[in-house]
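Trainee: Any chance you could fold what I've pasted below:
(chains A and B)
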Protein chains: 2
Amino acid sequence: MIRHVVLFTWSPEATEEQKAAVAAGLSALPGQIPQIRSYAFGPDAGINTGNHDFAVVADFDDEDAYTAYRDHPAHQAVIADHIRPILASRAAVQYAC
Amino acid sequence: MIRHVVLFTWSPEATEEQKAAVAAGLSALPGQIPQIRSYAFGPDAGINTGNHDFAVVADFDDEDAYTAYRDHPAHQAVIADHIRPILASRAAVQYAC
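Mentor: Modelled structure (predicted):
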């Protein structure tokens, strides 16, 4: 299994509506991208200071399934329409587990 | 459930032995910290450029269980002995999922 983990920080100007639109866009992807085996995302809970703002953890059977997700038009649309406009920084890892 | 996600980049001087010691240290924690419900970690698979180097994803029943893990001496020892000496950057989120 390949796990894809990505953490975002949002720009200071990002509105609550824009942040909510990210979650809404992501929530549609499991129905559009059959390679997704598990998909869990959400805003930081505010337990610790200095954290990033949002996390996505997605599991795939293998590397090819992950890259099919990565390059899928529906995923790319969420990035272009909802994530990139409010993105300040991004940290990601894909690892076997 | 609270999911804790942390991504690390290692310093250029970090040796393979030091990186392996991180994984070894982390692998002992589920046996020492009963609040851990799920624990999956590993090095970046090299699929994409610009990624961080290592990921830990850990699940807990609730916030108190996560903070018990965060503050547990065994966890703090892995941080002090194995992670901090080779750490270049850290990104983390805890989120409800």
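
Trainee: Checking residue A:46 next. Helix, strand or coil?
Mentor: Recorded secondary structure, residue A:46: coil (DSSP: H, G, I helix; E, B strand; the rest coil).

Trainee: how close does residue A:21 get to residue B:7?
Mentor: Separation of residue A:21 from residue B:7 (Cβ to Cβ, to the nearest Å): 24 Å. Where you see a C-beta, it was placed from the backbone N, CA and C, and this is true even at glycine.

Trainee: Could you check which of these two is surrounded by more residues?
Mentor: residue B:7 (26 against 17; other Cβ atoms under 10 Å in any protein chain shown).

Trainee: Tell me, how many residues neighbour the nearest residue to the more buried one once chain neighbours are set aside?
Mentor: Spatially, and ignoring its direct neighbours in sequence, residue B:7 is nearest to residue B:52 (4.0 Å; Cβ to Cβ, 6 or more residues apart in numbering or on different chains). Counted with other Cβ under 10 Å, the neighbours of residue B:52 add up to 23.

Trainee: What helix or strand is residue B:52 located in?
Mentor: Residue B:52 belongs to no helix or strand when assigned by DSSP states H and E.

Trainee: which ones are touching it?
Mentor: Residues near residue B:52 by Cβ atoms under 8 Å, 6 or more residues apart in numbering or on different chains: A:91-93, B:7-9, B:44, B:89, B:91.

Trainee: again, only using 6 Å
Mentor: Applying Cβ atoms under 6 Å, 6 or more residues apart in numbering or on different chains to residue B:52 gives the contacts A:91, A:93, B:7, B:9.

Trainee: Among the residues you listed, name the buried ones.
Mentor: In the contacts of residue B:52, burial by neighbour count holds for A:91, A:93, B:7, B:9, counting by 16 or more other Cβ atoms under 10 Å in any protein chain shown.

Trainee: Quick check, the second one in contact with residue B:7.
Mentor: Yes - the pair residue A:93 and residue B:7 passes the contact test of Cβ atoms under 6 Å, sitting 5.3 Å apart.

Trainee: For the two, list the residues in contact with both.
Mentor: Any residue near both residue A:93 and residue B:7 by Cβ under 6 Å, 6+ apart counts here, and that gives B:52, B:55.

Trainee: Up against chain B, what does chain A have?
Mentor: Applying Cβ under 6 Å from any Cβ of the partner chain, one finds that chain A approaches chain B through A:5, A:7, A:40, A:42, A:44-45, A:47, A:51-52, A:55, A:57, A:91-97.

Trainee: Could you give me the ChimeraX selection string for whichever of those residues are buried?
Mentor: In ChimeraX syntax, the buried subset of the residues of chain A next to chain B is picked out as below (16+ other Cβ under 10 Å):
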select /A:5,7,40,42,44,45,47,51,52,55,57,91,92,93,94,95
